[in-house]
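> below is the structure, and that's it, no one-letter string:
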């Protein structure tokens, strides 16, 4: 039945492509599985957990989520013995928990609700009644915003997060695919789907040893897994210079994978990022739209070894404009400590 429904959905929605670069959508695609796992363990609606995560992190863009992998703004408190970071929230430089993995943040959030007396009454509610849970959280004092419950409900209904209240950890990827049918064109996501399917319903395939060895098969599986893991960690960010959308490459990979994930041709990505090849390195900045013609800061002094291209990517300014503003020949590289002009043109000496 599930397979028939999935195929039917794909046929009906075949002409639609998911906008996977949108912050809320990519957050849901990446963290829905965590929310469903927590629902199974602690009986908290996955829709509520996801909506809170979306709200707290601004779709994964907050400083706490990016640096501390803290998705729910949980502060240190006296019982916390792990890593910490300071962040200005209700007051300057407050202490917040830092996690090694976002999954730890999700579980800590579940424990925060499950083990505190203020939230006892929540667990008497129907797990599929997200509206009652939203109002219950507000009544229990989870947030001070008088419209907090309505904000959560709006997040849930706008993104159809209630779908995750009716799924399981084994079925969650199918639910994601139902919500974002355009992902059927994402080979990395489909590989994850197949891998999830295989793990719940293992099958045996007989292949002659001479044709392929176990080691070679395992290498292929590892390659798919590695690529999937790389792409799953990528979040679209808004650059301070004009809000241009960009991503930071987490591991060495190929431009083609970025092209497929975001539905942007390689030629456009190469043009917008002034690339002369398709091999991407860890921590490379890749813009998903054209950069600005001017910087958002007046000047910059290059660090040791920094190239003009690296600086243009760092500040979101077109490479040709950076050269022009500094009266430098194309291909010439800056000296360490040299003053580069990003807004106005360098004065003539």
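Received, thanks. The structure presented is a predicted model; accordingly, all values stated were derived computationally and were not measured.

> going by C-alpha atoms from here, please, whenever you check contacts or count neighbours.
Will do.

> got the domain ranges for the protein?
19-177, 191-232, 237-287, 299-341 (automatic domain parsing).

> and those domains as JSON lines, adding mean pLDDT and distance to residue 349?
Formatted as JSON lines, the domains of the chain follow (pLDDT from 0 to 100; distance: least, C-alpha to C-alpha, whole Å):
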{"stretch": "domain 19-177", "mean pLDDT": "89", "distance to residue 349": "42"}
{"stretch": "domain 191-232", "mean pLDDT": "46", "distance to residue 349": "47"}
{"stretch": "domain 237-287", "mean pLDDT": "86", "distance to residue 349": "28"}
{"stretch": "domain 299-341", "mean pLDDT": "90", "distance to residue 349": "11"}
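
> quick one: which of the ones you listed is nearest residue 293?
For residue 293, the closest of the domains of the chain is domain 299-341, at 5.6 Å, according to C-alpha to C-alpha.

> can you give me the end-to-end span of that closest one?
Its start and end residues considered, domain 299-341 measures 5 Å (C-alpha to C-alpha, to the nearest Å).

> and if you look at stretch 159-176?
Stretch 159-176 end-to-end distance (C-alpha to C-alpha) = 11 Å.

> ok, and for stretch 136-156, which residues are buried?
For stretch 136-156, burial by neighbour count (16 or more other C-alpha atoms under 10 Å) applies to 136-139, 148-149, 152-153, 155-156.

> scratch that, stretch 62-70 is what I was asking about
In stretch 62-70, counting by 16+ other C-alpha under 10 Å, buried: 62, 64-65, 68-70.

> out of those residues, which sit inside helices?
Assigned to helices by DSSP state H, the following of those qualify: 64-65, 68.

> burial count for residue 263?
18 (other C-alpha atoms under 10 Å).

> now do the SS call for residue 347.
What DSSP: H, G, I helix; E, B strand; the rest coil gives for residue 347 is coil.

> what's the spacing between it and residue 309?
22 Å.

> ok, for the most centrally placed residue in the chain, nearest residue in space, not its chain neighbours?
The centroid of the chain falls nearest to residue 235 when counting by C-alpha atoms, centre = their mean (3.4 Å). Among residues not flanking residue 235 along the chain, residue 247 sits closest, at 6.3 Å (C-alpha to C-alpha, 6 or more residues apart in numbering).

> return the list of helices and strands in contact with the helix or strand where that neighbour lies.
Using DSSP states H and E, the element containing residue 247 is strand 245-248. The helices and strands touching strand 245-248, judged by 3 or more C-alpha pairs under 8 Å, 6 or more residues apart in numbering; DSSP states H and E, are strand 237-238, strand 285-287.

> okay if I get those as a markdown table plus mean neighbour count and distance to residue 107?
Output for those, formatted as a markdown table (neighbours: other C-alpha atoms under 10 Å; distance: least, C-alpha to C-alpha, whole Å):
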| stretch | mean neighbour count | distance to residue 107 |
| --- | --- | --- |
| strand 237-238 | 18 | 25 |
| strand 285-287 | 22 | 31 |
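
> figure out which of these is closest to residue 260.
strand 285-287 (13.9 Å).

> and the closest one, which strands flank it?
strand 245-248 (antiparallel) (DSSP bridges).

> give me the next element, helix or strand, following the strand it pairs with.
Trace forward from strand 245-248 with DSSP H and E and the next one is strand 253-254.

> about what we covered before: between the ones in helices among the buried residues of stretch 62-70, which sits nearest residue 35?
residue 65 (15.6 Å).

> identify the residues contacting that closest one.
By C-alpha atoms under 8 Å, 6 or more residues apart in numbering, residue 65 lies in contact with 57, 71, 102.

> and which of those is nearest to residue 241?
residue 57 (20.9 Å).

> from what I can see the closest one touches residue 71, true?
Yes: with contact defined as C-alpha atoms under 8 Å, residue 57 counts as touching residue 71 (5.9 Å).

> so for those two, which residues contact both of them?
In contact with both residue 57 and residue 71: 64-65, using C-alpha under 8 Å, 6+ apart.

> of those two, who's got more company?
residue 71 (31 against 21).

> how close does that one sit to residue 28?
Counting by C-alpha to C-alpha, the gap from residue 71 to residue 28 is 13 Å.
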